[in-house]
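> here are the coordinates; sequence isn't available:
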């Protein structure tokens, strides 16, 4: 989420009289963040999940092929969502960053395995490079289950 969108979200929440704390959440069963950020933050029922790379939580190493990275990303997202009392059916928005748009169909096919009842809004952006020389990164916004 860019700074302007986050600012507008905060202004909207405050103007609606919603006063909640921002809760930051890191998960010990996932790869450590590769920079100064948290796996996720939660504001009320909204969950903002940081971009995930295809890092194996046991070894903290990047999976090799785009298929393996994409599957690992979704498994990491699943764990983060579960720790926030959510799941793939409660994702409202995803953003995919990919280093080669020619590989998009591979990512899209795997993406479709994780969303069967509900398809969130989505953006896909081709980028020059990603941290740790990953070829794909995915972030999402979700809401808590009731």
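That came through fine. Keep in mind it's a predicted model, so treat the numbers as computed, not measured. Numbers count the residues shown, from 1 in each chain.

> all strands of the chain, in order?
22-25, 40-43, 46-52, 91-98, 121-126, 136-143 (DSSP state E).

> packing partners of the fourth one?
Using 3 or more Cβ pairs under 8 Å, 6 or more residues apart in numbering; DSSP states H and E as the contact definition, the elements that strand 91-98 packs against are helix 104-114, strand 121-126, strand 136-143. In short, each C-beta sits where N, CA and C put it, glycine included.

> quick one: strands adjacent to it?
Next to strand 91-98 in the sheet, as set by DSSP bridges, lie strand 121-126 (parallel), strand 136-143 (antiparallel).

> still on that earlier bit, what would the strands of the chain look like in JSON lines with distance to residue 112 and mean pLDDT?
Formatted as JSON lines, the strands of the chain follow (distance: least, Cβ to Cβ, whole Å; pLDDT from 0 to 100):
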{"stretch": "strand 22-25", "distance to residue 112": "27", "mean pLDDT": "89"}
{"stretch": "strand 40-43", "distance to residue 112": "23", "mean pLDDT": "95"}
{"stretch": "strand 46-52", "distance to residue 112": "18", "mean pLDDT": "97"}
{"stretch": "strand 91-98", "distance to residue 112": "12", "mean pLDDT": "98"}
{"stretch": "strand 121-126", "distance to residue 112": "11", "mean pLDDT": "98"}
{"stretch": "strand 136-143", "distance to residue 112": "13", "mean pLDDT": "98"}
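
> dump the ones you listed into JSON lines; add mean neighbour count as well.
Formatted as JSON lines, the strands of the chain follow (neighbours: other Cβ atoms under 10 Å):
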{"stretch": "strand 22-25", "mean neighbour count": "12"}
{"stretch": "strand 40-43", "mean neighbour count": "20"}
{"stretch": "strand 46-52", "mean neighbour count": "21"}
{"stretch": "strand 91-98", "mean neighbour count": "19"}
{"stretch": "strand 121-126", "mean neighbour count": "12"}
{"stretch": "strand 136-143", "mean neighbour count": "23"}
